[in-house]
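[1] I'll drop the sequence and a predicted model, then ask my questions.
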Number of protein chains: 2
Amino acid sequence: MTKQEIHQIVSRRSRPAKSPLGRDIIVTTALDLLSRDGLSGLSLRKVAAALDTGPASLYVYFANLGELHALMLDRALSAVALPAASEGGWRKRLTSLLASYLYVLYDGHGLAQLALSTIPTGPNALRLLETLLELLLEGGIDSAVAAWAVDLLILHVTSVAAEQSVRRDQGYSIGPVIGAINAVSEADYPRIHSLREELLSGGEERFGWGVDVLINGILHAPVLPIETEDIAKPFVNPTE
Amino acid sequence: MTKQEIHQIVSRRSRPAKSPLGRDIIVTTALDLLSRDGLSGLSLRKVAAALDTGPASLYVYFANLGELHALMLDRALSAVALPAASEGGWRKRLTSLLASYLYVLYDGHGLAQLALSTIPTGPNALRLLETLLELLLEGGIDSAVAAWAVDLLILHVTSVAAEQSVRRDQGYSIGPVIGAINAVSEADYPRIHSLREELLSGGEERFGWGVDVLINGILHAPVLPIETEDIAKPFVNPTE
DNA sequence: TTAAATAGCGAACACTGTTCTTGACAAACA
DNA sequence: TGTTTGTCAAGAACAGTGTTCGCTATTTAA
């Protein structure tokens, strides 16, 4: 075998009989479908059908559905707007960046739910991570704290986006919750009863409040990880 | 119809007088299956098979799978240990309660993922909510702040539990992430590169750290919801 | 005794992700 | 110029999934 395989593995066919069908077009089509029908309406077969092909054809480009999800998420994250240095102080830019991330997840129906079950490692996710670190470090936050804080921030925003998305898309799902909170027994749960309005109140400003709480907490966080036995315990035995 | 047929009905039905098959036994069986095989290994048909019946039989007790999920979650939440008043100050009891909640989710494989997609309204969930409110109010936190803070705390702990569960159950899934973080280009992402160890470090103490950050942030939270235009904006248009 | 209500359950429907398999075809080699 | 080779497009099928439709059998109420 004196084969010289120095050449790159580009597309071997210049123009196939039918469609090009590359990774990009598949991800784009899948994101379109996701935005329209949500995560539950997204399936490999529907993506294939939208591309006028069969489901087996897609497996040339992805090992499984999870891999497609990861690629979709990273592609979507390219829409996250990085704040310009002229936009203000680090804290304002941090809030702005998180808001942009929130909106991207919120805008693509079902994207947030996807983000919860997929840890993206693509360039756009790394870019977001890098920028978050940069802003926290600019704020004078200890680097070890910042490293843990970015995960805290991203996890929080992702969770909020997922929760809000579900509330928007499946409004019926939140109905029973409101009913349950409002119909709670005053005798059994006095605090829930008296605070039932506040528990359910707040729309968009609630997100800003939460981010503020997190940043304030991070600013007041212990620099070194604390070692408390009370916290480690439950991992061993919760009732002890 | 003569009565003699009622006495010997063995041949009339494959299973003459079988099991009671109530909601409780179904939820119990489903939780067993969840603990053993995780969320992906849980299906209505497997629950039915474990009860030696068909899937249609379960629909007498639940409208759909989501309803079963909600019942499972609330049942599991009964294991959350409420801290005794003698256990210490409000903050210590709050941490202890959240740790117990975390452990319950973490212990039941896949329970945390279930909790992310299901908002429980059962008595055990309300009990948890009530206790959280009680502790926060005891800590002197404004009631409006407390009402929003409980959601923040629960959402955070649930997310962490889900993330940790996935890392434990599907260790392979975290492998690529570690690889991606470690193999990150120093030129493109200098902060990720220099902090790669800290980003991935920390086991159980990281949860305690996160809870501490949240509580500190809540203690330093503005009493009244702030109104910033920068935050509301992205909901309308992220690029503006 | 009779009628109504309900629980159990087989069968089927419309889906899902994934794999096996078979061809077609451009590129590399003889 | 063949001939081989590796890659990709697809059809078909497999093993699952949640859910619904009827039909029995049993229990309950009148």
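    Received, thanks.
[2] A:Asn124 contacts A:Arg75, doesn't it?
    Yes - if you go by Cβ atoms under 8 Å, A:Asn124 and A:Arg75 touch, sitting 7.4 Å apart. From N, CA and C alone the C-beta is placed, and that goes for glycine too.
[3] where in chain A is the helix or strand with the lowest mean pLDDT?
    Here the helix or strand of chain A ranked lowest by mean pLDDT, DSSP states H and E is helix A:229-236, holding a mean of 44.
[4] okay, and A:Val60 sits in which element?
    Under DSSP states H and E, no helix or strand contains A:Val60.
[5] wait, what's in contact with it?
    Counting by Cβ atoms under 8 Å, 6 or more residues apart in numbering or on different chains, A:Val60 makes contact with nothing.
[6] quick check: the gap between it and A:Arg23.
    When distance is defined by Cβ to Cβ, to the nearest Å, A:Val60 is 10 Å away from A:Arg23.
[7] same check, this time on A:Ile119
    Counting by Cβ to Cβ, the gap between A:Ile119 and A:Arg23 amounts to 19 Å.
[8] settle it for me: which of these two has more neighbours?
    Neighbour count, other Cβ atoms under 10 Å in any protein chain shown: between A:Ile119 and A:Arg23, A:Ile119 has more, with 17 against 14.
[9] that one and A:Leu214, how far apart?
    The gap separating A:Ile119 from A:Leu214 is 20 Å, by Cβ to Cβ.
[10] run through the helices of chain A in chain order.
    Along chain A, counting by DSSP state H, helices occupy A:23-37, A:44-50, A:55-58, A:65-77, A:90-107, A:111-117, A:123-138, A:143-169, A:171-182, A:190-194, A:196-200, A:205-219, A:229-236.
[11] okay, A:Leu21: pLDDT?
    According to the prediction, A:Leu21 has pLDDT 83.
[12] nope, A:Val166 is what I was after
    Model confidence at A:Val166, given as pLDDT, is 83.
[13] swap in A:Ile178?
    pLDDT, A:Ile178: 78.
[14] measure the residue lying closest to it once chain neighbours are set aside to DNA strand C for me?
    Among residues not flanking A:Ile178 along the chain, A:Leu200 sits closest, at 6.0 Å (Cβ to Cβ, 6 or more residues apart in numbering or on different chains). A:Leu200 sits 33 Å away from DNA strand C, going by Cβ to the nearest atom of the strand, to the nearest Å.
[15] surely A:Leu200 is in contact with A:Ala180?
    No - counting by Cβ under 8 Å, A:Leu200 does not reach A:Ala180; the two are 10.7 Å apart.
[16] which non-adjacent residue is nearest the residue of chain A found nearest chain B?
    The nearest approach of chain A to chain B comes at A:Gly217, 2.6 Å away (Cβ to the nearest Cβ). Spatial nearest neighbour of A:Gly217, chain neighbours left out: B:Gly217 (2.6 Å); criterion: Cβ to Cβ, 6+ apart.
[17] state the distance from that neighbour to A:Leu77.
    For B:Gly217 relative to A:Leu77 (Cβ to Cβ), the value is 26 Å.
[18] A:Pro190 now?
    44 Å.
[19] which of the two has more neighbours?
    Per other Cβ under 10 Å, whichever of A:Pro190 and A:Leu77 has more neighbours is A:Leu77, with 21 against 14.
[20] let me see the contact set for the more buried one.
    Going by Cβ under 8 Å, 6+ apart, A:Leu77 touches A:101, A:104, A:120, A:122, A:124-125, A:127-128.
[21] let me know the closest of these to DNA strand C.
    A:Pro120 (17.7 Å; Cβ to the nearest atom of the strand).
[22] point out where chain A drops to low pLDDT.
    A:1-19, A:171-176, A:224-240 (pLDDT under 70).
[23] redo that, cut-off 90
    Flagging of chain A using pLDDT under 90 yields the residue ranges A:1-22, A:40-41, A:85, A:109, A:117-121, A:163-183, A:200-205, A:221-240.
[24] so is stretch A:160-170 next to chain B?
    Yes - Stretch A:160-170 comes into contact with chain B (Cβ under 8 Å from any Cβ of the partner chain), by way of A:160, A:162-163, A:166.
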